[in-house]
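Following is a predicted model, sequence given first.
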Amino acid sequence: MTSTVDTPADTPKAATPSGLVAVARAPGWVRYALLALGLAAAAWLPNGLYPAVAVDILCWALFAVAVDLLLGFTGLMSFGHAAFWGTSAYVTGLVAIHAGLPFPLAVLAGALAAAVLAVPIGYLAVKRTGIYFAMVTLAFAQMVYYVANEWRSVTQGENGLQGVPRELFGWDLTDDYYFYYAILPIVLLGLAAAWRIVHSPFGRVLVGIRDNPARARALGYPVHRYKLTAFVLSGFIAGLGGGLFAVGHRFVSLDVLHWTTSGKAVIVVVLGGIGTLWGGVLGAGIVVRLEDWLSFSGFEAIGLVTGGIFVLVVVLFRRGIWGSASALARRLAARRR
Amino acid sequence: MTGQALLSARGLTRDFRGFRAVDEVDLDVAPESVHALVGPNGAGKTTLFNLLTGFLRPSGGRIELAGRDVTGLPPEQVARLGVARSFQITSLFPQLSAREHVALALQSSSGLGWRFWRSAKLMGRYTERADELLAMVGLSELAEAPSESLAYGRKRALELAIALALDPKVLLLDEPTAGMGLEDVDRTVELISRVRQGRTVVMVEHNMSVVGRLADTVTVLQAGKVLVEGPYEQVRADERVITAYLGAADAAH
Amino acid sequence: MSGFAQNTFNGLVSGAFYALLALGLAVIFGMLRVVNFAHGAFYMLGAFGAYVLLTEAGVPFWAALVIMPVGLGLLGMALERAVIHRLTRLDPLYNFLLTFGLTLILQDLVKLRYGVQSSPYATPSLLSGTVNFGLFDFPTYRVFILGFAVLLCVAVWWVLTRTRIGMVVRAATERPDLTRAFGIDVGRWVTPVFGFGIGLAGLAGVLAAPMRAVNPLMGADLIIVVFAVVVIGGLGSIFGSVAAGFGIGLVQAWGEAYLSNFPIVSQTIVFIVMAVVLLWRPAGLFGREEAPA
Amino acid sequence: GGGGPQSGGDQKLTGDKIVLGVLNDQSGAYSELSGKNSVTAVEMAIADFTAKYGDKAVTKDITVETADHQNKPDVANSKAQEMYDRKGVDLILDVPTSSAALKVADVAKEKKKLYFNIGAATTDLTGKSCNKYTFHYAYDTYMLANGTGKTTTEQIGKNWYILYPNYAFGQDMEKSFSTAITAAGGKVVGKDGAPFPNTSGDFSTFLLKAPTLNPKPDVLGTMQAGAELVNVVKQYNEFKLRDKGVGLAVGLMFLTDIHSLTPAALAGTTYTDAWYWNFDAKNREFADRFQQKAGTRPTFAHAANYSAALQYLEAVQAAGTDDADAVVKGLEGKTVEDVFLRNGKIRAEDHRVVHDAYLAQVKPQSEVAEPWDYVKVLKTIPAAEAFRAPSADCKL
Amino acid sequence: MLRIENLSAWYGEAQVLRDVSLEVAAGEVVTLVGRNGAGKSTLLRCVMGLHSGQRGTVELDGRDVGKLPAHRRARLGLGWVPDDRGSYATLTVTENLTLPPRVGPDPWSLERVYEAFPALYTRRDSAATMLSGGEQQMLALARVLRMGARLLLCDEPTEGLSPLLVQQVGDLLREAKRHGVTVLLVEQNLHFATGVADRHYLLAEGRVAEAMDNSEVRSRERELLAYLGI
Ligand SMILES: Nc1ncnc2c1ncn2[C@@H]1O[C@H](COP(=O)(O)OP(=O)(O)OP(=O)(O)O)[C@@H](O)[C@H]1O
Ligand SMILES: Nc1ncnc2c1ncn2[C@@H]1O[C@H](COP(=O)(O)OP(=O)(O)OP(=O)(O)O)[C@@H](O)[C@H]1O
Ligand SMILES: CC(C)C[C@H](N)C(=O)O
Ligand SMILES: [Mg+2]
Ligand SMILES: [Mg+2]
């Protein structure tokens, strides 16, 4: 913890991933138009898409936004967020099965459990930054995976937790079409919360910490505690997504905790655009839809396509879809002026 | 004795893998004084700063702030007790504008930073004060520019504005005029003499004319130890200081 | 007693793989600031390459032990030139992500061509016997691996810390522009080092072929354990990575042998050790402090 | 929402066609033992069916949909739903990996559509998770244990050391084997759950432990499957356990496993097989046709997929409709005989499809006369003995 | 020895150097003075070949080096003391010193370096970025001396040095000059500059505003200080 300050390894402070994109400051009417468009798209989605896929997109959107909250706005790349997504999925499932609560309450319980788990993991992980942070979170998530795997009496191990009910005051939500609309408000609430966090005084401090932690400390900000808080908030939102995912599939498998799930979340965020928040939503839509389509196309190597796209994005469009689009828009606007 | 001093150190020591950078230093900074630390390069001035501000943990000794033991507190807590510092090698948030820097500093003493459920627009309340501070250090026109695009001298000025924004009881400045042109140096000296009212300033400075104009007390460090301490004129004339630090008289201008 | 000795020996052997992989990771990281997620995939390619060479060209183990690391090293160099190198000026996370994507691609390419079934690879006949250690005997091949890995680790450590090569490469990595300004052609140094690290992974893969199932996913989960190993040892530290590699091999073997009634513990022991190390020494056992945070 | 078609009694065929869905692992650990070649087998069944009935067939429009479930239960879940809802699939086939298999059973029950599981081993499919629309073909953990466990205990040695992957499938296998061994008068002197998935691929701790147990086991019973089985066998040979008097028994093995390990590594190992391609002329004839299409010999899973598709089509033909309830009624209690099912019967009580099973032994390399002919069948286990009695847990 | 003609440089859209032309003869010590942000450091980077957005001619010994990559220019005898001191965190002090190859006829030996800078000797096995600010400045200067560079590009080498050391650096530069080394020096400290330099260029807003020789500077010191704010 102690280390020199006046003599930091003065490697040119490479642009943080997020540093590429400042929070877009589009004119007001553009932002409202986009918001309206987004809401309309969300309301229409299950009519144009297989409803089960639409439900998955919603859940992954929350997950991606949670990851971006850390990556884009705190400069911490969690490669182990499956731990929170998955833990919430299990807790949600168990609560729904054993306590028979309506699903929103079960999901809330799951998200809280994820947040609680985020405290010890975050406490250890925020001691490291950058690439170390990614590795440490990855490793701890793998640990959670093993625990879930071994704790068979609770999690049913490899068989997965079967028969998670979709209970909401006696309404029949077995049809994914209606279920989609049942969870939409929860998801929107989660997204709004993420947006609020980013645009709060707290969010500003996080950006400062991301760019120069030592400086932030000298200003009197307890950096570790801020990062930890961000981590826990992010865990909670990821948990919200994971819980809904469990109810959506009426079932929880070990895969929700696997490192490939964490990796996929990061892919989604990078594709959408780091530090753009809504890019994650877009990325979730694209990736989930693409995987769905690929697995039906008979093409065996899904990883080849997702991995390939990912490599292209990292090499060529680091701003991601949203980031590139808003940069383009800004450039056009500047030219017109 | 320590009853008098606002900030004091007793037997303060710091080792780096067997190398002793600060060696049993006793230091008493009187309230509302300007206390200069000078000494050859590598004497341990910056290290001493880092110890006093919590960025380094002492290997031995004790630090008191207004009679309270602050040894080993982390930097953010030291800062909250009213100790602000600038960095010798500039240390800013590259993406943030000058104004945002100052606003962040102004905010830190309030609990606002924790309000993740409130709007960032609340920070607008600091704009006015931030612009005042930026004007003080001559950065008014550059308030919107991201700090990474500022030339070196401007960054130093911003460092100072940030430290001031914390409205500290104790202000620790590490070479505040290094890399500045004379005009800026003058402005900075003038600025420091303005803000010292009601504050205690500790500064590291190689520019002896700056030291002469500001300091009430000068402590000369050498090889981690206190060599001489006293008023400027006395220290300046000290044989040991001349051989160890000042060299031939023409160096100071 | 002989049981304990055997378990210990075994731990050292699996530790040898961790050490070799961690060493490659550390070399690449130390020189390029790149955490190579694809390291496990290259390990897999090493093993798979040995298998393909044997079955499709009749190339024996000993030749594969040379061909594969060299071939993969060249591939690594091409990769460095083509993409890695463009990203080194950015945050290291980008290269982490890049190599993650690469892992998915490499795995699937092999899968597409050869399927996921494990492929057989015989122990070279020269090493197929057992060695008697008095208390117990042990497969010759494992003894060979252990000796080979230790030698290799020592050699690499020596080159990187005691010769000019290591120094130049470290400088080139840390501040490429500045280093160029001192008359050193940076590009010429960094690429081979990356290739070398990849070659090490390939070598570990060839060594693993006779001992472990050769399949496209063999490196996938392994790499995460290796990540934990380097966090424990201190990622920047060559010595730390190697020591932690052997140490974790031992701890795992003992855990499996003596804690088999607590599978949760024996399965997660690596990560438990990592948590303890992080609490006690955030920079790892032999790591240097990071920039202040 | 995409609600399924209402099942009306007199309706003939939905959309005038039959769609068979093969849902299995097409890229992962089990893609060789079932995978694409299962689709080939199902296509063969359709061709045979069409050839047999010609113009009298209920329809000529029979197609196959296929999807990769990547061995992930959640993927299997959404694929199964999508198959039934959007692709108009009437029957889902195969689904290896127990966890995915159980999940698909839920979907079948909810959508009231047929599901023939072939690739999964868990007895829960015909136990506590059974349902009206789910049938279990080919094999299960009981069958494997009953065959291999019993015979090995009687013929090779009484003392066992069991090594199993510590997850659902492995734990089921361990229980089934222990029961079978004890019943045959043997003793389990030790058992260990190895980590699953085993990241290091190293089983030496367990293999070293085996000969040191007291009393010393005569047999090492490994329950690992796929890649892990390959590892265990390799290391078993490396530590020369056979020379130390510890024999090897394998819980579940597919032809493809023997192929990848080579018969030399497994020579003399006995195991229970649900079907073997070179058992008799009828099987061989099928295997030859299969090889023409697939370029390889069929595993028992492939043959079972063929049989399952064929029997379903026959049932639809007989019922004159693809209405699931009608087809189930026609299938329940039916006795069947085809290239895969010998003395086959579709039990009405739990929807277990029983048939003869075989005790097989891997030939030494010297006796392998043609490629893929790795096994000799020691004994046929009659259908009545091969599978467990219907479980009380199952309420259809 | 060094001739710069019509050099312009940009950071993105912003132009920081405008048609700068200047010359440094062999064996001369020439300073660049100017306010903060005038573009002095950028000019040195351009000469070194490290700035990408530039246009104009840079000639070394009559040879156009504009197309050469930085490492080739260094091999021709250029030595750069960067404004941020350029210490390597991953190298020890000794390694920092021995890293660059020798490029000139009169490279210093390690012993000679340590004799001139005893402070570096005591810290020789520390990571370079662990040194104090002033010690790093010494290291940067010592490094180019050890290279034996024929043309030193020194960016504010006295910043943060104690008065004693400032004198010492002055002595070193003068001695280097005696051995035929050419120096292009960026300096804020006019007093120091006149002590070592022969000629001076005044840079303002990216242009050469004036070229003066030493005596002229001395006589106009008051005026210049006022003008420059130095
Ligand atoms: N983290 C560290 N590890 C090892 N040595 C250090 C570390 N920090 C400082 N030192 C050493 O301690 C001594 C004092 O350094 P310090 O930075 O305090 O000097 P200073 O008085 O501020 O000098 P300057 O005027 O040059 O800035 C130096 O010799 C330096 O090399
Ligand atoms: N990385 C950068 N991006 C954008 N602008 C830059 C960058 N670096 C420098 N500048 C701008 O270029 C101009 C010249 O900078 P330069 O560093 O060359 O000045 P200088 O004369 O060396 O100043 P100083 O005396 O403060 O070191 C300044 O206005 C500065 O703001
Ligand atoms: C070998 C596999 C096809 C069986 C699978 N492991 C199961 O759970 O049923
Ligand atoms: Mg200092
Ligand atoms: Mg400059």
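Cool, got the structure. Ligands and ions are numbered 1, 2, ... in the order given.

So, low pLDDT: which residues of the stretch 151-300 of chain A?
By pLDDT under 70, the low-scoring segments of the stretch 151-300 of chain A are A:295-296, A:298, A:300.

Residue numbers of it in contact with chain C?
Residues of the stretch 151-300 of chain A found near chain C (C-beta under 8 Å from any C-beta of the partner chain) are A:151, A:213-214, A:217, A:223, A:259, A:263, A:266-267, A:270, A:300. Using the backbone N, CA and C atoms, a C-beta is placed for each residue, glycine as well.

With residue C:66 as the reference, measure out to the closest residue to residue C:207 other than its chain neighbours.
Leaving aside its chain neighbours, residue C:207 sits nearest to residue C:145 (5.6 Å; criterion: C-beta to C-beta, 6 or more residues apart in numbering or on different chains). Distance, residue C:145 to residue C:66, using C-beta to C-beta, to the nearest Å: 16 Å.

neighbour count winner among these two?
A count of neighbours by other C-beta atoms under 10 Å in any protein chain shown puts residue C:145 above the other of residue C:145 and residue C:66, at 23 against 12.

Give me the mean pLDDT for the strand or helix carrying the more buried one.
For residue C:145, the element it lies in under DSSP states H and E is helix C:140-162. Averaged across helix C:140-162, pLDDT comes to 89.

what about the helix or strand following it and chain E, any contact?
Using DSSP H and E, the helix or strand that follows helix C:140-162 in sequence is helix C:164-174. Yes. Helix C:164-174 reaches chain E (C-beta under 8 Å from any C-beta) through C:164, C:167-168, C:170-171, C:173-174.

Which strands or helices does the helix holding residue C:145 pack on?
On a contact count with 3 or more C-beta pairs under 8 Å, 6 or more residues apart in numbering or on different chains; DSSP states H and E, helix C:140-162 meets helix C:2-32, strand C:130-132, helix C:164-174, helix C:186-208, helix C:238-258.

tell me which element the residue in the stretch 251-396 of chain D that chain E sits nearest to is part of?
Nearest residue of the stretch 251-396 of chain D to chain E (C-beta to the nearest C-beta) works out as residue D:260 at 46.2 Å. Using DSSP H and E, residue D:260 sits within helix D:255-261.

List the contacts of that helix.
C:117-120, D:32-33, D:226, D:229-230, D:233-234, D:266, D:277, D:297-300, D:362, D:372, D:374-375 (C-beta atoms under 8 Å, 6 or more residues apart in numbering or on different chains).

coming back round to it: distance to residue C:40 and mean neighbour count for the helices and strands packed on helix C:140-162 - can I get that in TSV?
Output for the helices and strands packed on helix C:140-162, formatted as TSV (distance: least, C-beta to C-beta, whole Å; neighbours: other C-beta atoms under 10 Å in any protein chain shown):
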stretch	distance to residue C:40	mean neighbour count
helix C:2-32	8	24
strand C:130-132	30	13
helix C:164-174	23	21
helix C:186-208	8	25
helix C:238-258	14	24
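
Return the residues in contact with residue A:163.
For residue A:163, the contacting residues are A:97, A:250-251, D:106, by C-beta under 8 Å, 6+ apart.

Same check on residue C:261?
Residues near residue C:261 by C-beta under 8 Å, 6+ apart: none.

Now do it against ligand 1, distance only.
Distance, residue C:261 to ligand 1, using C-beta to the nearest ligand atom, to the nearest Å: 47 Å.

now residue C:240
Going from residue C:240 to ligand 1 by C-beta to the nearest ligand atom gives 19 Å.

just residue A:183 next, same as before
Using C-beta to the nearest ligand atom, one gets 53 Å for the distance from residue A:183 to ligand 1.

now for the helices and strands packed on helix C:140-162, which one comes closest to residue B:149?
Of all the helices and strands packed on helix C:140-162, helix C:164-174 sits nearest to residue B:149, with 24.1 Å by C-beta to C-beta.

Mind giving me the packing neighbours of the closest one?
By 3+ C-beta pairs under 8 Å, 6+ apart, helix C:164-174 packs against helix C:2-32, helix C:140-162, helix C:176-181, helix C:186-208, helix E:93-98.

So, low pLDDT: which residues of chain D?
Along chain D, segments meeting pLDDT under 70 span D:1-11, D:27, D:196-201.

returning to that earlier point: mind listing what's buried in the helix holding residue C:145?
Neighbour counts over helix C:140-162 (16 or more other C-beta atoms under 10 Å in any protein chain shown) mark C:140-146, C:149, C:152-153, C:156-157, C:160 as buried.

re earlier: what is the lowest-pLDDT residue among the residues of helix C:164-174 next to chain E?
residue C:173 (72).

Now it: closest residue in space that isn't a chain neighbour?
Closest to residue C:173 by C-beta to C-beta, 6+ apart is residue C:31, at 4.8 Å.

if I pick the one you found, what's in contact with it?
Remark: with contacts taken as C-beta under 8 Å, 6+ apart, residue C:31 is in contact with C:169-170, C:172-173, C:190, C:193-194, C:197.

what are the ranges of the helices in the stretch 101-250 of chain D?
In the stretch 101-250 of chain D, helices defined by DSSP state H, counting those that start in this stretch lie at D:141-144, D:150-155, D:168-183, D:204-209, D:226-238, listed in chain order.

ok, now chain E?
In order along the chain, chain E carries the following helices (DSSP state H): E:40-48, E:70-75, E:93-98, E:110-116, E:118-122, E:133-147, E:163-178, E:190-196, E:214-219, E:221-228.

Same check on the stretch 201-337 of chain A?
A:201-211, A:213-218, A:223-249, A:259-272, A:278-297, A:302-316, A:320-336.

Ok, which of these comes nearest residue E:189?
Nearest of the helices of the stretch 201-337 of chain A to residue E:189, taken as C-beta to C-beta: helix A:213-218 at 28.3 Å.
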